[in-house]
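**Q** coords please:
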Amino acid sequence: MSKKVALVTGGGRGIGFGICEKLAADGFNLVLSGRSDVSKVADSVQALEKMGADVLYCSGDVSSAEDRAAMLAEIKARFGRLDVLVNNAGVAPKVRADILDEENATEDGFEWIMKINLQGPYFLTQACAKWMVEQKQADDSFAGCIINVGSISATVVSPNRGDYCISKAGLGMMTSLFAARLGEFAIPVYEIRPGIIKTDMTAGVTEKYDNLIYNTELLVEKRWGFPEDIGKLAAAMARGDMPYATGQAIYVDGGLTMPRL
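**A** Presented below is the predicted three-dimensional model:
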């Protein structure tokens, strides 16, 4: 029996790579996608191959319909199957700007984030879900799933990056929509909402978050989150360890969003 295949967008670094490491450890073959040239992720690919995974890297932009189609064609040619989709790729605002700041909180910036963080994943999921349904109909033992990596920003308000928050809130509804639609095919759809995670995306605000984490009561668990924290949960979802839980959004945030007095 051939090994299961997982596609992880943005899998070459950060949270995406943390997820790939845990999936590789569980015996998955992997497809990583990203906008960088393959040379930029060579170390990541090599590390995953050393763990026993057959790794395909697809260079492309998730917001491009042509790039998405080309990626799926490559996966079909290489592996002939797709068992897990992890929508992880995403971007932060180019400029953090107050939502009343017309000069910097622009329509161009809003559209850029929406295309990458929401529109691209939505239509990639549409295409992958149709393929998974075909596999399920051909073989009832097929056990696929879809995992969306969202953010606490789906519910935690940041008025200086409204576009990002809205994109992640939209991803939450997308999770519910596909979970409802794919239920009849027993293909679960989950969402992970990370909190403050140590990646290159948070590198520019390390000092700010160090202060909040260690010198305030913001978190119950007073530490940074790490990509491996997200990877462990994603791997459990991919293995099928979370039955009867489709459509759920699980926060991995050290207790940040837990109501407290």
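**Q** quick check: the residue nearest the centre of the chain vs Ala143, distance?
**A** What sits nearest the mean C-alpha location of the chain, by CA atoms, centre = their mean, is Asn88, with 1.9 Å. Distance from Asn88 to Ala143, counting by CB to CB, to the nearest Å: 21 Å. C-betas here are computed from N, CA, C, even on glycine.
**Q** mind listing the helices for the stretch 101-250 of the chain?
**A** All helices of the stretch 101-250 of the chain, identified by DSSP state H, counting those that start in this stretch, fall at 107-114, 120-138, 162-182, 206-215, 227-239.
**Q** for Lys22, find the nearest of the ones you listed.
**A** helix 227-239 (3.7 Å; CB to CB).
**Q** which residues of the chain score low on pLDDT?
**A** Filtered on pLDDT under 70, the chain yields the residue ranges 1.
**Q** one more time with 90
**A** 1-2, 36, 200-205, 261 (pLDDT under 90).
**Q** test my guess that Cys145 contacts Met237.
**A** Yes: under the criterion of CB atoms under 8 Å, Cys145 makes contact with Met237 at 6.0 Å.
**Q** now do the shared contacts for those two.
**A** Listed as contacting both Cys145 and Met237 by CB atoms under 8 Å, 6 or more residues apart in numbering are 188, 190.
**Q** quick one on the thing from earlier: wait, the residue nearest to the centre of the chain touches Ile19, no?
**A** Yes: Asn88 is in contact with Ile19 according to CB under 8 Å; the separation is 6.4 Å.
**Q** name the residues contacting each of those two.
**A** Common neighbours of Asn88 and Ile19 (criterion: CB under 8 Å, 6+ apart): 8, 11, 149.
**Q** measure Leu82 to Tyr190 for me?
**A** Here Leu82 is placed at a distance of 16 Å from Tyr190 (CB to CB).
**Q** compare these two and say which is more crowded by neighbours.
**A** Tyr190 (24 against 20; other CB atoms under 10 Å).
**Q** which residues does that one form beta bridges with?
**A** Ile147 (DSSP bridges).
**Q** verify the stated contact: it with Pro243.
**A** No: contact criterion CB under 8 Å: Tyr190 and Pro243 do not qualify, at 11.3 Å.
**Q** CSV please, covering the helices of the stretch 101-250 of the chain and showing mean neighbour count and distance to Leu72.
**A** Formatted as CSV, these follow (neighbours: other CB atoms under 10 Å; distance: least, CB to CB, whole Å):
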stretch, mean neighbour count, distance to Leu72
helix 107-114, 15, 22
helix 120-138, 18, 6
helix 162-182, 19, 17
helix 206-215, 13, 37
helix 227-239, 21, 19
